[in-house]
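J.: okay, predicted coordinates and the sequence, questions at the end:
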Amino acid sequence: MVITVSGRGVHSGRHCSVAVRLREPGTGFVFQPRSLAGGGHHEAFLASPHRVRSSTLATVLGSASFQVATTEHLLSACAGLGVWNMEATVEGGELPICDGSARPWVRVLETLIRSSTRAPRAQRRPLVVESPIEVRDGDRLARLEPASGCLVHASITPRAGLASLGPTELSLALTPDAYREEIAWARTFVYAADADRLRAAGHGQGASLDNTLLITDDGVANPGGPRGESEPLRHKILDALGDLALLGAPFRGRLVLHDSGHALHVALAQKWSAALREAA
């Protein structure tokens, strides 16, 4: 079974689409351009930390001749549900932003799981954090440390409007149910004070109040307000899980984030990937 999702790219503003299907266990996350579907797949690539081409406001993966932007929400949903084998056939160079969260991708994956005769959630051996590994950018931090289970502790420095949205620090143990209930619904966000500058720089051309939480000095500008408590902080966790999914397996340990973003998440995944290769 294949499910196609179409919409706008949040950064390009252009129409884009992706056809998602499950793959056999052990085959990982494969991205390919639609022009090659059913034909030669020399441009298809397996998602991994070394495939990152950019981590500015979104994670862009690519091969020598094919790139796909904003992969993090789909990969986050995969990691959150424990789906480690997926193929995405992409048109338009970016994944649709949908409603700005991972919830639409959760629904796609759950539909595929229900219809599949395979074992898409066959147990994947977790990557165990044996010793702390971290990356920093000033006070900003992404760190993995030993722990039993899959744990996350995230915090974000308060800015005007943020304090009214709930606590700026959150800890949770990750399971598929916890992901659905605590993380998947959280939308991408931008501060109103930064929005014009980012758009002028070419980012967020497809952003709107339908897919992006716009944080003002007084709260949020979106009709209906936030979806739940600490939505921006929960979206930081959502993004981090999507970026760490590039490692191709769940982690067993504690993920600590402070004011993190894609660049730090990717750097952490790349650093751990290099350490794993050296230890092999």
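T.: The structure has been received and is ready for your questions.

J.: CA only for contacts and neighbour counts going forward, please
T.: OK.

J.: run a quick neighbour tally on R114.
T.: Per other C-alpha atoms under 10 Å, the neighbour tally for R114 reads 10.

J.: hmm, V5 is touching A19, no?
T.: Yes - between V5 and A19 a contact is recorded at 6.4 Å, counting by C-alpha atoms under 8 Å.

J.: what residues sit buried inside stretch 157-176?
T.: Across stretch 157-176, burial judged by 16 or more other C-alpha atoms under 10 Å covers 161-162, 164-165, 168-170, 174-175.

J.: would a markdown table of these with secondary structure, pLDDT and distance to R227 be doable?
T.: Putting the buried residues of stretch 157-176 into a markdown table (DSSP: H, G, I helix; E, B strand; the rest coil; pLDDT from 0 to 100; distance: C-alpha to C-alpha, whole Å) gives the following:
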| residue | secondary structure | pLDDT | distance to R227 |
| --- | --- | --- | --- |
| G161 | coil | 81 | 15 |
| L162 | coil | 86 | 14 |
| S164 | helix | 87 | 13 |
| L165 | helix | 93 | 10 |
| T168 | coil | 93 | 16 |
| E169 | strand | 96 | 17 |
| L170 | strand | 97 | 16 |
| L174 | coil | 96 | 20 |
| T175 | coil | 96 | 21 |
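
J.: which one of those residues is nearest R254?
T.: R254 has its nearest neighbour among the buried residues of stretch 157-176 in L174, at 10.0 Å by C-alpha to C-alpha.

J.: can you check the pLDDT for V220?
T.: We note a pLDDT of 94 for V220 in this prediction.

J.: just checking, it touches T212?
T.: No - the criterion here is C-alpha under 8 Å, and V220 misses it with T212 at 10.3 Å.

J.: chain neighbours aside, what residue packs nearest to F189?
T.: L213 (4.3 Å; C-alpha to C-alpha, 6 or more residues apart in numbering).

J.: repeat for G9
T.: Using C-alpha to C-alpha, 6+ apart, the nearest residue to G9 is P96, at 4.9 Å.

J.: so who does the one you found touch?
T.: Listed by C-alpha atoms under 8 Å, 6 or more residues apart in numbering, the contact partners of P96 are 5-10, 15-18.

J.: state the distance from F45 to V90.
T.: 12 Å (C-alpha to C-alpha, to the nearest Å).

J.: hang on, the earlier thing: pLDDT value on the residue nearest to G9, please?
T.: We have a pLDDT of 98 for P96.

J.: for it, phi and psi?
T.: phi -60, psi 140 (degrees, to the nearest 10).
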